[in-house]
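Participant: pasted the sequence and its predicted model underneath.
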Amino acid sequence: MPRTQTIFLVDDDANVMALLQAALRLKGYRVIARNDPVAALRYLRGRVPDLLVVGTELPDIDGFEFIRRVQGSTRAAYAPFILIGEETEPEKAALALRMGAREFLRKPFAVEELLVRVEKVFQEVERSRTASPACDLEGRLERISFVQLIRFLGAMELSGRLHVSVPAAPVEG
C-alpha cells in the first residue's frame with residue numbers, strides 16, 4: 001500500500017487555507033497547515049513533508065524569506081515547494097524559480113490548477129528518483145578537504161544531496 005503524501009501549507013489567508021486543505025484532503029493527501037510562519041518553521045525543524053505550499057504574503061516574514069529559512073535551518077531544506085501569491089511583478093515569479101520553487105501560482109487561481117501542479121511535482125520527484133541511481137559519486141575521501149570536495153562538485157556541475165560520514169568525530173553542517 002503506497003504511503004500517503006504529506007503537504008504542508010503556510011498562508012495567512014484563512015479562506016485560502018480552508019479551501020486548499022479540503023481540496024487536497026479529498027484527493028487523498030495528508031495536509032498540515034499553519035498560518036503563522038514562525039510556528040511553521042518550528043514545526044519543520046523536526047519534520048520533512050513531501051511538499052510545501054507557501055503563500056508569499058505572510059505576517060512577520062514573507063514567503064520568500066520563509067523558504068530561505070527552511071532551506072537554511074530545517075530538515076525540510078530539500079523538500080519541493082510551490083509558492084502562491086498575488087505578485088504582479090514578473091521578477092517575483094523568477095525569484096521563486098531561482099530559489100528552487102517547482103511552481104509559482106498567482107492568486108486568484110482555480111483549485112483544480114493547484115491540484116494539477118501538485119500532482120505534476122510529485123510525478124517529477126518520482127521520475128527523478130527512478131531515473132537516476134541513488135549515488136553517482138562514492139568513495140573514501142580522506143585526502144581531500146571538504147572545501148576541495150565542494151569546489152570539485154561545482155566544477156563538475158553536479159547537484160544533489162551530499163551525505164558525509166565521519167566515523168569518530170562529531171560533524172555539524
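Facilitator: Right, received. Where do you want to start? Numbering: from 1, shown residues only.
Participant: show me where this structure has strands.
Facilitator: All strands of the chain, identified by DSSP state E, fall at 6-10, 30-34, 51-55, 81-85, 103-106.
Participant: now those strands in JSON lines, with mean pLDDT?
Facilitator: Formatted as JSON lines, the strands of the chain follow (pLDDT from 0 to 100):
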{"stretch": "strand 6-10", "mean pLDDT": "97"}
{"stretch": "strand 30-34", "mean pLDDT": "96"}
{"stretch": "strand 51-55", "mean pLDDT": "96"}
{"stretch": "strand 81-85", "mean pLDDT": "93"}
{"stretch": "strand 103-106", "mean pLDDT": "91"}
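Participant: now those as JSON lines including distance to Val125 and mean neighbour count?
Facilitator: In this view, the C-beta of every residue, glycine as well, is placed from N, C-alpha and C. What follows is those, written out as JSON lines (distance: least, CB to CB, whole Å; neighbours: other CB atoms under 10 Å):
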{"stretch": "strand 6-10", "distance to Val125": "13", "mean neighbour count": "23"}
{"stretch": "strand 30-34", "distance to Val125": "16", "mean neighbour count": "17"}
{"stretch": "strand 51-55", "distance to Val125": "8", "mean neighbour count": "24"}
{"stretch": "strand 81-85", "distance to Val125": "12", "mean neighbour count": "24"}
{"stretch": "strand 103-106", "distance to Val125": "13", "mean neighbour count": "18"}
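Participant: out of the ones you listed, the one nearest Ala94 is which?
Facilitator: strand 103-106 (8.7 Å; CB to CB).
Participant: which residues touch the closest one?
Facilitator: 82-88, 92-93, 96-97, 113-114, 117, 120-121 (CB atoms under 8 Å, 6 or more residues apart in numbering).
Participant: residues contacting Val54?
Facilitator: Per CB under 8 Å, 6+ apart, neighbours of Val54: 9-11, 63, 66-67, 81-84.
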